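1. here is my input, please return the structure:
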Amino acid sequence: MIASEVLPRTLTERILDAATRSALSAGAEARVMAQRCLTDWFGCAIAGASDPLVEKLLAAARELSSEGRSPLVGRSERLSLSDAALVNGAAGHALDYDDTLLAMVGHPSAPIAPALLGLAARVNASGADLVTAYILAMDVATRVGILLAPDHYERGFHGTGTGGAIGAAAGCSYLLGLDAAACAVAIGLAGTRAAGLKASFGSEAKSLHAGWAALVGLTAAFWAKQGFVGASDIAGDKVGLRALSETFNPEGATADHPPHILDVKFKFHAACHGTHATIEALGEILREHRITADDVEAVRVQADPKVDTVCNRQVVNSGLEAKFSLRMVSAFVLAGVDTAAIDSYGTEVISRGDVRRAFDRVTVELVEGLEAGETKVIVVAKDGRSFQATGVAQHLRGDAAQRALEAKFRALVIPVLGDTAAERLLGGIQSLESCDDVASLMEATVLRQPEPLGLR
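-> The predicted structure follows:
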């Protein structure tokens, strides 16, 4: 296993050791959180499986002659283990509705879940081992985010593609039974191929960050298992991960910390997490003061300047672009569009007259001094009254999170798999700790082709 019998010396070893100790000592709360993350990921991936970007990746895989027996969630086709990780990873991020982790500066489950689930099914790992690997992978990914923050993200890198790939490599190494030295090499092999640039936000390529990271992490672990030689200290080498950031925080990355999975936040609006505070604040104003779109003269959104390269699109021509536009999500709220519904983010909705009129009333002001994740919204009514509210992204925990996630799961999965299959899958996830057959869990996600008439 990954735990080393000798005192870790390199920075990579120290990060891995700290994450391993955190994962192996994780209590019930962290292990339940892993199941919640998987519930969220399965829902997002199954609903995202029919997205056009998934169809394109699958068509390309066919042209590249990818064949195999690994299932694609929410679909009937099968691919090789590595290509399934790629496609399932992209599907899980296609809706941009999946979980986030602030310290990682990215989406943790989207790159990690498909790699670990596919591998666990292949090597007959237990559900309990999968949960441990999941917690470990997320911890490593988060520690990489801490190591490189804040410059890594600010200069244009996307933590989902970078830290996500490295975390997936660590989790897959655990499932393959690699020792600490081999896992460090796997991390190096993932780190040298990790990628993902924020210029892709608002396009299909953003989802590819998650899929590519899953594939990179998975293959890195297999290469390390075969003794492939790579950088053994990608984190500490002066031309390793340091090349990705002007800021470098080894102390924070190796510090003792409760499992970072406990800090995961779930989305209950199907758009970039950076827009959620605005959605909450504007919705609060409209509800509290009983204001409708017809009453509104203007909406001013005051946001941290950092959102300018994330979710401040001023021109919106597609549903994907809408997910990264403070102006458009504000227009949705004004026009009564359901920001939690995946069907809201389509060309028919964004081109509606009432939505476009609302869009034209919204301006975004970049101001210093706001707390992280905070947005101030000012609504000016046509009668001269002015209202304001400060919003933060909704962060549910405990039983409230469980109920909300189950409702979200059912809303996403039942239209694809049907009631019975959706409930069977949900039950399988919730009993994962006692499951000895992860492959059956993956098979439960497969879209079954209807039998021809007359056949039984």
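
2. spatially central residue for the protein, please.
-> Nearest to the mean C-alpha position of the chain, counting by Cα atoms, centre = their mean, stands H107 at 3.0 Å.

3. the least confident helix or strand in the chain by mean pLDDT pairs with which strands, and in what direction?
-> Least confident helix or strand of the chain, by mean pLDDT, DSSP states H and E, is strand 386-392 with a mean of 90. Sheet partners assigned to strand 386-392 using DSSP bridges are listed as strand 374-381 (antiparallel).

4. dump the strand it pairs with to PDB, restricted to CA.
-> Backbone C-alpha positions of strand 374-381 (Å, rounded to 0.1, in the frame of the first residue of the first chain) are rendered in PDB as follows:
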ATOM      1  CA  GLU A 374     -19.300  36.900  -1.800                       C
ATOM      2  CA  THR A 375     -21.400  39.000  -4.200                       C
ATOM      3  CA  LYS A 376     -23.400  42.200  -3.500                       C
ATOM      4  CA  VAL A 377     -26.500  42.700  -5.700                       C
ATOM      5  CA  ILE A 378     -28.300  46.100  -5.900                       C
ATOM      6  CA  VAL A 379     -31.800  46.200  -7.500                       C
ATOM      7  CA  VAL A 380     -33.200  49.600  -8.600                       C
ATOM      8  CA  ALA A 381     -36.900  49.600  -9.100                       C
END
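
5. pLDDT of it, averaged?
-> Averaging pLDDT along strand 374-381 yields 94.

6. F268 reaches K408, doesn't it?
-> Yes - using Cβ atoms under 8 Å, F268 is in contact with K408, at 6.8 Å. Where you see a C-beta, it was placed from the backbone N, CA and C, and this is true even at glycine.

7. give the residues shared as contacts by the two.
-> Listed as contacting both F268 and K408 by Cβ atoms under 8 Å, 6 or more residues apart in numbering are A340.

8. okay, domains of this structure per the record?
-> Per the record, the chain has its domains at 11-263, 273-392, by automatic domain parsing.

9. okay, those domains, which one's buried deepest?
-> Most buried of the domains of the chain by mean neighbour count (mean count of other Cβ atoms under 10 Å) is domain 11-263; its value is a mean of 23.

10. run the chain-centre distance for that domain.
-> Relative to its chain's centre, domain 11-263 lies at 10 Å (Cα atoms, centre = their mean, to the nearest Å).

11. quick check: mean pLDDT across it?
-> In this model, domain 11-263 has an average pLDDT of 96.

12. may I have the distance across it, first residue to last?
-> The first residue of domain 11-263 is 23 Å away from its last residue (Cα to Cα, to the nearest Å).

13. looking at the domains of the chain, which is nearest to V438?
-> With Cβ to Cβ as the criterion, V438 lies closest to domain 11-263 of the domains of the chain, at 4.2 Å.
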